[in-house]
Structure formats: C-alpha cells, structure tokens
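Student: pasting a predicted model and its sequence here:
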Amino acid sequence: MQPAHLDLVITQGMTWRQPLKIMQPVYEYKPITSINQTAPITLTVDHQLPLPQWPVWIEGSTSSELNSDKTRQRFRMARTIDANTIELNGINGHSIKASAGYLVYQLPVDFEGCTASMVFTGSGEDTELTLGAGLELGNGFINATLTAEQTAAMAENCSYSLLVTHPNGDKIKWLCGEVTVHDCKDDRSC
C-alpha cells in the first residue's frame, strides 16, 4: 500500500493540532428519503455515518445545486442530527426544491485495537507521538497534537511519517510528508 502524502505547516512555539479522517476507497450509497427546505438544509436518510461530522457527496437528486461528482468535486461536510437526519451547514435550502438521490460517502478505516506512532525527523532531535502522548485513534480518525514546547524545539523544516500497527501485526505507513516549520518571530503577519 502506498501511503497518502500530506505536507504540514507548523508554527514554532505554538500548539499544533491536526485532525485526520482516514477512509477506505469503498463508497457507501444511502437513498435520500427527503430533502427539507431548511436553512441550513437537512436531509432525511438512514445514513449510518461514523462520526458526528463526515465528508459526503449527493448524487442523483433532482437539484443540480446539491449534486456533486465524487471523483472530481470536493466533498461537503455533513453534521449528524440523529440516525436519520444530517445537516449540510453550507447550503441554505429554503429555495431548493429537490427530492430523491443518494448520500454518498467513504467508509472509515477501523483502527480498533491498533497502536500508532508519528515520527518527525530531520529537525535536530526526532519527535515521536504515540497513543496517549499526542496521538488519538478511532473509527476513521487520527488526531495528532504537538505541544508548544515540542514545536519550539523544531528549528528547521523536516519530514514525518505515521505508522499504524494493526492487531494482526501488520505495520502500515498510512501517511507521510514534508513539514514546513514557520518561525512566527520573523513574520510580521503573526
């Protein structure tokens, strides 16, 4: 498996947090029961989204304003209201008369029982995040946090990799990239 590549920017001496949603390449298609004329717009759909907020697309509705191509267009972030209702906060649905269609989303990667480490190398002393010490894993997400002290010790640009060890013993590099360390003292825009 080829790891995903994501470059990061860290401001030296500031706490850094990076929430990551990790999804399978498989799409889920859930029929939309109703599209409600509300602001923001809400959809009635038996969605089973894995988190309170999850990236989605809408396909096949009677409104071109709602439809999006999952292979070419950016997702919309859906907020779960309940098991049968989601909200798309960026859309005012009062003037949209639409029906039918499908809610489309990618399934989350299940990290239950996994361990992980995120290592930053090439900036003086290596910095490593582990579960409970800067890393949190869940169903479809990884949250990474560097303390202000850790970012202050990063004197130059570096690289990182995120390694996950699965319960069966497989070690997979899920993510890697370059890190630009930004020194706020030398930048008047900070």
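Tutor: Good, I have the coordinates. Numbering: from 1, shown residues only.

Student: measure the residue nearest the centre of the chain to Pro31 for me?
Tutor: With the centre of the chain defined as its mean C-alpha position, the nearest residue by CA atoms, centre = their mean is Lys21, 2.9 Å away. Computed with CB to CB, to the nearest Å, the distance linking Lys21 and Pro31 is 23 Å. Backbone N, C-alpha and C define where each C-beta goes, glycine included.

Student: do the same with Leu6
Tutor: Using CB to CB, one obtains 33 Å as the distance from Leu6 to Pro31.

Student: and the longest strand along the chain, how far from the chain's centre?
Tutor: Longest strand in the chain by number of residues, with DSSP state E as the criterion: strand 23-36. A distance of 17 Å separates the C-alpha centroid of strand 23-36 from that of its chain, computed with CA atoms, centre = their mean, to the nearest Å.

Student: please apply the same query to stretch 26-37.
Tutor: 21 Å.

Student: show me the contacts for the residue nearest to the centre of the chain.
Tutor: Going by CB atoms under 8 Å, 6 or more residues apart in numbering, Lys21 touches 51, 54-55, 108, 140-141.

Student: show me the shaky parts of this structure.
Tutor: Counting by pLDDT under 70, the chain contains low-confidence ranges at 123, 184-190.
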